[in-house]
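A.B. asks: From the sequence below, what's the structure:
(one chain, ligands or ions: 3)
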Amino acid sequence: MTGTRVLVLNSGSSSVKYQLIDMRDGERLAAGLVERIGERTSRLKHTLVAAGDTREQEGPIADHEAALKAVASELGRDGLGLDSPELAVIGHRVVHGGEFFSEPTLIDESVLTEIERLIPVAPLHNPANLTGIRTAQALRPDLPQVAVFDTAFHTTMPQSAARYAIDPKIADRYRIRRYGFHGTSHAYVSRETARLLGRAPEDVNVIVLHLGNGASASAVRGGRCVDTSMGLTPLEGLVMGTRSGDMDPAVIFHLMRVGGMSADEIDTLLNKRSGLFGLCGDNDMREIRRRVDEGDEQAALAFDIYIHRLKKYIGAYYAVLGRVDAVAFTAGVGENAAPVREAAVAGLEGLGLAVDAGLNAVRSGEARLISPAGARVAVAVVPTDEEMEIATQSYALVNESENPRLT
Ligand SMILES: Nc1ncnc2c1ncn2[C@@H]1O[C@H](COP(=O)(O)OP(=O)(O)O)[C@@H](O)[C@H]1O
Ligand SMILES: CC(=O)OP(=O)(O)O
Ligand SMILES: [Mg+2]
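C.D. replies: Residues are numbered from 1 along each chain as shown. Ligands and ions are numbered 1, 2, ... in the order given. This is a model prediction of the structure:
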């Protein structure tokens, strides 16, 4: 392998995020985002990092294949195209890896077949991930491509947390269990939290709250995940931007029998038209806070439901871990929304949890403590970096497969 650069692709249901990183020093060369793929006005934002030079373009981008080709062409304009000999590997975020993939994996046809087989349990994510991989392969057939799975970090969960209380024969036949997602972020953030505390990850118990558009909580004991809030699919758990999170499963039978809705209609309702969006018509926490501050009661109720669920998971994972050293907030909402952090730990002083109003109000891209000095449990804001983590894992894998360690 001659190149030292990694292109990371994080293909979401309607977006592609990407970064080009030089692994010699971890320097980000280019980064960007294609949003609203498939809608009338898609947007591509591309930044040449060192120059601080950003280009934006709007116009229709029909699908993920077109999006990736547009990204490749933007990179090409900066002399960083996919044809570059400096490129060592393309690393892909893949959301569902089922029970097979607990490590970053070199992609071949059999890996693609498995990712495809898992589409029914990650219908918003795996198809986009697959298109990203296939398009990248077509552009650079000679280059190794690595899949880094959202589910990987959670494969350490004990059976008591991973199993649902249903007939094991049925569970096994249909591979129904709790897989958990956002694992790359939970792994990175729990490690960075230990670093912030000046302690080894093996010695630290952390509750990680990944609050983005999708949102999940995890309980991490000594660097290993012991429970997480998402399940068979990324629908379980916290209230999210457009997903309901936890509900009595009987709501679904009720909607079928009494509401006359089909399985697909209910799927769309719960995944795309619920959560904050379903409750108040907005899924962006900035807009919701603006409305709450203006006295909008519908937005205030949506915010309260979001916080109530979050607080329940903090309490639950406190009990699962027994001893908690830190609670870490991350992702778009967790890193930026001070009112969410304040409300989530309000009233939990009895558990040793509190937020210092002054520290919580600081805006920064750095990992930082927001709990008062001397607090029993550290409360922290720890920016996630899924792309850097995927780059590190992908690069390590191709280096290792070319220079296998002697055993
Ligand atoms: N300044 C901010 N204040 C409050 N919320 C924010 C802010 N910036 C972003 N967000 C929230 O973060 C969400 C996006 O989070 P992100 O982690 O990027 O999600 P995803 O990776 O799922 O697209 C937005 O929908 C919005 O609710
Ligand atoms: C798994 C998942 O929910 O991912 P995202 O937050 O990117 O939608
Ligand atoms: Mg995300």
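A.B. asks: Ile166: neighbouring residues, count only.
C.D. replies: By the criterion of other Cβ atoms under 10 Å, Ile166 has 11 neighbours. C-beta coordinates here come from the backbone N, C-alpha and C atoms, glycine included.
A.B. asks: For the residue nearest the centre of the chain, which residues are in contact?
C.D. replies: Nearest to the geometric centre of the chain sits His182, at 3.6 Å (Cα atoms, centre = their mean). His182 makes contact with Asp150, His210, Gly212, Gly214, Ser216, Ser218, Met230, Ala331 under the criterion Cβ atoms under 8 Å, 6 or more residues apart in numbering.
A.B. asks: Of those residues, which is the nearest to ligand 1?
C.D. replies: Of all those, Gly212 has the smallest distance to ligand 1: 2.6 Å, by Cβ to the nearest ligand atom.
A.B. asks: my guess is the closest one contacts Gly332, does it?
C.D. replies: Yes. Gly212 lies in contact with Gly332 (Cβ atoms under 8 Å); the separation is 4.7 Å.
A.B. asks: Give me the more crowded residue out of these two.
C.D. replies: Gly212 (20 against 17).
A.B. asks: where does that one sit relative to Gly241, distance-wise?
C.D. replies: 8 Å (Cβ to Cβ, to the nearest Å).
A.B. asks: Okay, whatever residue of the chain ends up closest to ligand 1 and Ile170: tell me how far apart.
C.D. replies: Across the chain, no residue is closer to ligand 1 than Gly332, which sits at 2.1 Å (Cβ to the nearest ligand atom). As judged by Cβ to Cβ, Gly332 and Ile170 stand 37 Å apart.
A.B. asks: can you tell me how far the residue of the chain closest to ligand 1 sits from ligand 2?
C.D. replies: Separation of Gly332 from ligand 2 (Cβ to the nearest ligand atom, to the nearest Å) stands at 9 Å.
A.B. asks: Return the residues in contact with that residue.
C.D. replies: Leu211, Gly212, Asn213, Met285.
A.B. asks: For the stretch 1-150 of the chain, list the residues in contact with ligand 2, please.
C.D. replies: The stretch 1-150 of the chain comes close to ligand 2 at residues Gly12, Val95, His125, Asp150, as judged by Cβ under 6 Å from any ligand atom.
A.B. asks: Please repeat the previous calculation with a cut-off of 8 Å.
C.D. replies: Asn10, Gly12, Ser13, Val95, Ala122, Leu124, His125, Asp150 (Cβ under 8 Å from any ligand atom).
A.B. asks: Need the pLDDT of the third one.
C.D. replies: Per-residue confidence at Ser13 stands at 77 (pLDDT).
A.B. asks: how many neighbours does it have?
C.D. replies: Neighbour tally, Ser13, other Cβ under 10 Å: 20.
A.B. asks: Over to the last one?
C.D. replies: Each residue near Asp150 was counted by other Cβ under 10 Å, and the total is 28.
A.B. asks: Quick check: helices, which of the residues of the stretch 1-150 of the chain next to ligand 2 are part of them?
C.D. replies: Within these, no residue falls in helices by DSSP state H.
A.B. asks: For Thr156, state which of those residues is nearest.
C.D. replies: Asp150 (14.3 Å; Cβ to Cβ).
A.B. asks: Quick one: residues contacting the closest one.
C.D. replies: Arg93, Val94, Val95, His96, Gly97, Gly180, Phe181, His182, Gly183, Thr184.
A.B. asks: backbone phi and psi for it, please?
C.D. replies: As for Asp150, its main-chain torsions (degrees, to the nearest 10) stand at phi -60, psi -30.
A.B. asks: any idea how far Leu310 is from it?
C.D. replies: In terms of Cβ to Cβ, Asp150 sits 20 Å off from Leu310.
A.B. asks: Please apply the same query to Gly281.
C.D. replies: With Cβ to Cβ as the criterion, Gly281 and Leu310 are 21 Å apart.
A.B. asks: Among the two, which residue is more densely surrounded?
C.D. replies: Remark: of Gly281 and Leu310, Leu310 carries more neighbours, 27 against 13, as counted by other Cβ under 10 Å.
A.B. asks: what's the spacing between that one and ligand 2?
C.D. replies: Following Cβ to the nearest ligand atom, the distance that separates Leu310 from ligand 2 is 15 Å.
A.B. asks: List the buried residues in the strand or helix carrying that residue.
C.D. replies: Element membership of Leu310, judged by DSSP states H and E, is helix 297-321. By 16 or more other Cβ atoms under 10 Å, the buried positions in helix 297-321 come out as 299-300, 302-303, 305-307, 309-311, 313-314, 317-318, 320-321.
A.B. asks: tell me which element Ile90 falls in.
C.D. replies: Short version, using DSSP H and E: Ile90 is in strand 87-94.
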